[in-house]
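Peer 1: test case, fold it:
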Amino acid sequence: MAILTLQLNSNLFLRDPQNTALGQKIISQSVEMIHELGFELFTFKKLAEQIDSTEASVYRYFENKHRLLLYLIDLYWTWLEYRLAFEINNVTDAKERLRKCLTLLTQESKSVIQLDFVKEEILRQIVMTEFEKTYLTKQVDADNKEGLFLPYKTICKKIATILQDINPNYPFPHSLASTALLALTHQIYYAQHLPSLSDIKYDPKKNNKKLYEFLEGFLLHSIRK
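Peer 2: Numbers count the residues shown, from 1 in each chain. Sure, this is the predicted structure:
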C-alpha cells in the first residue's frame, strides 16, 4: 500500500501540519472530532484537550477552525484529484472516464493509494456534511483569491472536460459538473438525515449502486445529443 503525502496551499495554515508529529495529531484528531461533534461544537480547546496539548499550540498551525476545516476539505479533494488522474490515465473512452470518476465519488475507497495519518472514509463523511460551510461565508471572495477552493474547482474542471469530450456541443459543462458534485453531497446528507428528500439509501460501507446510477443518469441525460 502506497502512503501519499499531499502538498496543500500554504495560505491554509501557519505551519504545515504534515511536517510534525503534533501537526499530524491535530489533523487526525480534528477529523475524528468534527465527525463526532459536528463543526459547530468543535473547538480548538476541545481539540487541545484531546491531543494533550494547548490551544496555543493548535493556533501555531491554524489561524482559526474555519481554516482548519478548509484544510481538511482541500486535503480530500486533492487526494481525490490524485486518484482520479491515476484511474483515468490512458483511458481513451470519455464515457468510461466518467464512469471511473463517478465510482471514485460514490464508492468507499479501495485504493492502494492511502493518505497518511487520516481515515479517508471519515474525512469523506466530513466533506459530505461540512463542505458548504467552507464557502457560504462573508469571506468567500477573499478565500477564493488566496486559492483555497482550487482543489474542488480542479475536480469540477476535470469532470467538465470529460463531459465536453462526450458532447462537445453541450453549452454548460462546468455548471453541470459543479451541480453534480453538490447533488452528491446533498443526496448523501438527505439519505442519512432527511430521507424523504432522497430515493437513495446510503451506506458508506456498501456498494452504493443507486447513488452511482443517479449521478450517471443525471449527467448523461443532461448532455445527451
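Peer 1: so for the one helix or strand residue 220 maps to, what gets flagged as buried?
Peer 2: In the assignment (DSSP states H and E), residue 220 maps to helix 209-222. For helix 209-222, a neighbour-count test (16 or more other CB atoms under 10 Å) marks 210, 211, 212, 214, 215, 216, 218, 219, 222 as buried. Placement of C-beta: from N, CA and C, glycine included.
Peer 1: and the helices in this structure?
Peer 2: 21-37, 44-50, 55-59, 65-88, 94-106, 120-130, 140-145, 150-166, 173-193, 209-222 (DSSP state H).
Peer 1: distance to residue 5 and mean pLDDT for those helices - can I get that in TSV?
Peer 2: Below are the helices of the chain laid out as TSV (distance: least, CB to CB, whole Å; pLDDT from 0 to 100):
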stretch	distance to residue 5	mean pLDDT
helix 21-37	10	96
helix 44-50	22	98
helix 55-59	21	98
helix 65-88	10	94
helix 94-106	20	93
helix 120-130	14	91
helix 140-145	24	97
helix 150-166	15	97
helix 173-193	25	94
helix 209-222	30	93
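Peer 1: of the ones you listed, which is nearest residue 201?
Peer 2: helix 173-193 (6.2 Å; CB to CB).
Peer 1: please identify the buried residues of that closest one?
Peer 2: 173, 176-178, 180-181, 183-185, 187-192.
Peer 1: ok, back up a step: which of the buried residues of helix 209-222 sit farthest apart?
Peer 2: 210 and 222, at 18.3 Å, using CB to CB across those.
Peer 1: how close does residue 49 get to residue 9?
Peer 2: 29 Å (CB to CB, to the nearest Å).
Peer 1: more neighbours, these two?
Peer 2: Using other CB atoms under 10 Å, the more surrounded residue of residue 49 and residue 9 is residue 9, with 16 against 12.
Peer 1: give me the phi and psi for the more buried one.
Peer 2: phi -50, psi 120 (degrees, to the nearest 10).
Peer 1: could the helices of the chain go into TSV alongside distance to residue 201?
Peer 2: Below are the helices of the chain laid out as TSV (distance: least, CB to CB, whole Å):
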stretch	distance to residue 201
helix 21-37	21
helix 44-50	33
helix 55-59	38
helix 65-88	23
helix 94-106	13
helix 120-130	15
helix 140-145	33
helix 150-166	25
helix 173-193	6
helix 209-222	7
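Peer 1: select, out of these, the one closest to residue 202.
Peer 2: Short answer: helix 173-193, nearest of these by CB to CB, at 3.8 Å.
Peer 1: elements contacting that closest one?
Peer 2: Counting contacts by 3 or more CB pairs under 8 Å, 6 or more residues apart in numbering; DSSP states H and E, helix 173-193 is packed against helix 94-106, helix 120-130, helix 150-166, helix 209-222.
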